[in-house]
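Asker: Need coordinates for the below:
(chains A and B)
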Amino acid sequence: MSFLEVDGVTKRFGSLVAVENVSLKIEKGELRAIIGPNGAGKTTFFNLISGLFAPTSGAIRFDGEDITQLGAASRVHRGMARTFQITDIFPELSAFENLRIAVEVAAGYRLRTWLSRHEAARVTERADELLELVGMRSKADRLVGELAHGDQRAIEIALALALNPKILLLDEPTAGMGDQETYEITTLMRRLHRDHSFTIVLIEHDMRVVFHLADRITVLDQGRLLADGAPQEIAASAAVQAAYLGEAA
Amino acid sequence: MTSTTVAGTAKRSGERSWLPLIAIWVVLLTAPFWLPLIGGYTSLAGRVLVFGLAAIGFNLLLGFTGVMSFGHAAYFGLGAYGAGLTLKFVAASTPLAMLAGTLLGGIAGTLFGLLIVRRRGVYFAMVTIAFGQVWYYIAYSWNDFTGGFDGLRGFQRMPIHLGPWVLDITGTGPTFYYFLLACFGFAVALMGLLLRSPFGRTLLAIRENERRARFLGIPIERHIWLSFSISCFFTAFAGTLYALLNNFADPLGLHYSLSGDFVIMTVMGGMRTFWGPLLGAAVFVILQDYISSQTTNWMSFIGLLFVLVVLFFPRGLLGFLQQRRQA
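Answerer: Model (predicted):
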């Protein structure tokens, strides 16, 4: 059994079928990119996996357990963490405070009204470690709302990592970024994947990023699964080219 | 960094300035001495403490969880009636009355909170008003038990026995003021610890970004419910002190217009600051006292001031002062 299995998932909003009968399997340690033209249902598909809403039909299994009916918070506890297309952080708190909240929740302290000196020191240490990991240690005391877009994205990824996830779902992490920022985030993702062997699922528009990083690529088009394979297979696929060129024409 | 910023701009612990905190406590501790010199009186300072505490309790929900309630007068009033009814019908014991009133208001809020935590924004605020008014009409209509429109009379605060010592708080002098101040200090210390704890920080997370908080694995509804409940306990505790201060419980203490006053105090003083609601309550109570001796139309002046503060100091009076210190 694969690490994450999506089995014939469909999502309808009224008469609109946003995702139709999509299946895929993702293995542990894999970096999977999901691509497709605008409106292909990529984000809806992500929302189904992460539990923002439940599918109309189909099943989702994660780490050997059926999670189809579980809410977002329960999926987080089972090791699923995600970021959003529009950067999702705590803007009026400092970078350190952002991470401290995530670390405390991950440590199971969310209802605690006090921490021992030892526990507080461990929380601080872990928050600093995560800031270091995403290269934000020097900006620990800055308000996150005032940071550059790429830095905010790095903080958001660190928030997800604070949960010690088994799988990381990233929705267009380079959206709206310039070349330099895109390069930094891409480097960060590759480091997390290669050096820390995180399983990562990534929605991405920037094909340089996709072909640079992905082990396998899944292509969605109009809510349906169009292709699924290694990067060179996808690059050579006539159906994929038609979908992209068809959109451009 | 000031000790009064719990949220937002505070850096890591250890670099707080204790100066504002010391200043606040010096002012509060010496109030009975300087207040008469400028035309005030001690029970006016008592009112500031009581309303300040109610507003600080309310602000846990508004300022630190980001959820608006327009019904907190209900829990304030239930605290007052709970204390008054206990003194009148159960036992002439001040501590028992305070305990009973706090439990009555707090538990009512806790149970009601269960029903409404899934509502958000305007809907949440509307339901809190509606529920608050229920208690107002009960107190208003149940003449025999609550005294109806005239309010509950026929009880008074009793001396407190502490082993061999007796603390006589029945007079109008400074003793009762210091008793109120001790209760106030105890409650705000608890609130301060709560806000600096991991639980308090989950509330900030919900205020800042509810969706992110949910995807960190915080059960949002449960935490908002806890915040609402704790906030009601604090406000009810302030309500019991109000009954002791006046030896009287008033159905207007349950009315939604008082809920609106709590909002005005909190927003005017600075809802993102810990002490802002106390400052707002001081401005409100003192202006009310002064202007209402000149005209019955005092609320229009306070309303005007509120509008000006919101327009020109959107972070409230204390929020504005803090920003200037940091700039």
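
Asker: Return the helix or strand in chain A with minimum mean pLDDT.
Answerer: Every helix and strand in chain A was compared by mean pLDDT, DSSP states H and E; the lowest is helix A:238-248, with a mean of 74.

Asker: Show me which positions of that helix end up buried.
Answerer: A:240, A:243, A:244 (16 or more other CB atoms under 10 Å in any protein chain shown). (Glycine included, C-beta is placed from N, CA and C.)

Asker: Tell me where the stretch 51-200 of chain B has helices.
Answerer: Taking DSSP state H, counting those that start in this stretch, the helices of the stretch 51-200 of chain B run over residues B:72-85, B:94-116, B:121-141, B:143-146, B:174-195, B:198-208.

Asker: So which residues lie in contact with the fifth one, not counting its own?
Answerer: With CB atoms under 8 Å, 6 or more residues apart in numbering or on different chains as the contact definition, helix B:174-195 has outside contacts at A:113-114, B:6-7, B:28-29, B:31-32, B:42-43, B:45-46, B:49-50, B:52-53, B:56-57, B:60, B:64, B:98, B:157, B:160, B:167-170, B:200, B:203, B:230, B:234, B:237-238, B:241, B:244-245, B:274.

Asker: What's the PyMOL line that selects buried ones from the residues you listed?
Answerer: A single PyMOL command selects the buried members of those (16+ other CB under 10 Å):
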select buried, chain B and resi 6+7+28+31+32+42+43+45+46+49+50+52+53+56+57+60+64+98+157+160+169+170+200+203+230+234+237+238+241+244+245+274
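
Asker: The contacts of helix B:174-195 in strands, which ones?
Answerer: Among the contacts of helix B:174-195, the members falling in strands are B:160, B:167 (criterion: DSSP state E).

Asker: Please identify the residue most distant from the middle of chain B.
Answerer: Note on chain B: the largest C-alpha distance from the chain mean falls to residue B:164, namely 32.8 Å (CA atoms, centre = their mean).

Asker: phi, psi of that one?
Answerer: When read as degrees, to the nearest 10, the backbone of residue B:164 gives phi -80, psi -20.

Asker: how close does it get to chain A?
Answerer: 34 Å (CB to the nearest CB, to the nearest Å).

Asker: if we can go back for a sec, contacts for the least confident helix or strand of chain A, please.
Answerer: A:36, A:37, A:38, A:219, A:221, A:226, A:227, A:234.

Asker: now it, how far from the chain's geometric center?
Answerer: 26 Å (CA atoms, centre = their mean, to the nearest Å).

Asker: Quick check: residue B:310 vs residue B:280, distance?
Answerer: 12 Å (CB to CB, to the nearest Å).

Asker: Between those two, point out the one with more neighbours.
Answerer: residue B:280 (32 against 13; other CB atoms under 10 Å in any protein chain shown).

Asker: neighbouring contacts of stretch B:57-69?
Answerer: B:6-7, B:72, B:121, B:124-125, B:128, B:187, B:191, B:194-195, B:200, B:203-204, B:206-208, B:210, B:223-224, B:227-228, B:230-235, B:237-238, B:259, B:262-263, B:266-267, B:271-273, B:276-277.

Asker: Next: stretch B:144-161.
Answerer: B:81, B:84-85, B:87-88, B:92-95, B:97, B:138-142, B:166-170, B:176, B:179, B:243-244, B:247-251.

Asker: Quick one: end-to-end length of that stretch, please.
Answerer: End-to-end distance for stretch B:144-161, by CA to CA, to the nearest Å: 31 Å.

Asker: Could you tell me the average pLDDT over that stretch, please?
Answerer: Stretch B:144-161 carries an average pLDDT of 88.

Asker: Just the buried residues of that stretch, please?
Answerer: B:146, B:147, B:151, B:152, B:155, B:156, B:157, B:158, B:160.

Asker: Restricting to C-alpha, output the least confident helix or strand of chain A in CSV.
Answerer: Coordinates of each C-alpha in helix A:238-248 appear next as CSV, following Å, rounded to 0.1, in the frame of the first residue of the first chain:
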residue,chain,number,x,y,z
ALA,A,238,1.1,14.6,-26.7
ALA,A,239,-2.0,14.8,-24.5
VAL,A,240,-0.3,17.2,-22.0
GLN,A,241,1.0,19.4,-24.8
ALA,A,242,-2.5,19.6,-26.3
ALA,A,243,-4.0,20.6,-23.0
TYR,A,244,-1.4,23.4,-22.5
LEU,A,245,-1.4,24.5,-26.1
GLY,A,246,-5.2,24.2,-26.3
GLU,A,247,-5.4,26.6,-23.3
ALA,A,248,-3.0,29.0,-25.0
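
Asker: ok, back up a step: and of the buried residues of stretch B:144-161, the nearest to residue A:187?
Answerer: Of all those, residue A:187 sits closest to residue B:160, with 67.0 Å by CB to CB.

Asker: closest to residue B:21 among the buried residues of stretch B:144-161?
Answerer: Distance to residue B:21, by CB to CB, is smallest for residue B:160 among the buried residues of stretch B:144-161, at 27.6 Å.

Asker: what pairs with the closest one across the strands?
Answerer: According to DSSP bridges, the partner residues bridging residue B:160 are residue B:167.

Asker: ok, it to chain A distance?
Answerer: The separation that residue B:160 has from chain A, given CB to the nearest CB, amounts to 28 Å.

Asker: list the residues that contact both of residue B:310 and residue B:280?
Answerer: In contact with both residue B:310 and residue B:280: B:267, B:268, using CB under 8 Å, 6+ apart.

Asker: Contact partners for residue A:102?
Answerer: A:158, A:159, A:162, A:163, B:216.

Asker: Quick one, grab the pLDDT at it.
Answerer: 95.

Asker: and it, which of the three is it?
Answerer: Of the three states, residue A:102 takes helix under DSSP: H, G, I helix; E, B strand; the rest coil.

Asker: Check the separation of the first and last residues in stretch B:27-43.
Answerer: Stretch B:27-43 has its terminal residues 15 Å apart, counting by CA to CA.

Asker: repeat for stretch B:211-223
Answerer: Start-to-end, stretch B:211-223 (CA to CA) is 14 Å.

Asker: Show residues contacting that stretch.
Answerer: Contacts of stretch B:211-223 (CB under 8 Å, 6+ apart): A:50, A:72-73, A:76-77, A:81-82, A:84, A:88-90, A:101-102, A:105-106, A:110, A:159, A:162-163, B:65, B:117-118, B:199, B:202-203, B:205-206, B:210.

Asker: Show me how to select, in ChimeraX, the buried members of these.
Answerer: Buried residues within the contacts of stretch B:211-223, by 16+ other CB under 10 Å, are selected in ChimeraX with:
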select /A:50,72,73,76,81,82,84,88,89,90,101,102,105,106,110,159,162,163 /B:65,117,199,202,203,205,206,210
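
Asker: In strands only, show me the contacts of stretch B:211-223.
Answerer: In strands, defined here by DSSP E, the members of the contacts of stretch B:211-223 are A:81, A:82.

Asker: and which of the buried residues of helix A:238-248 is nearest to residue B:112?
Answerer: Distances from residue B:112 to those, taken by CB to CB, are shortest for residue A:243, at 53.8 Å.

Asker: Thank you kindly, that will do.
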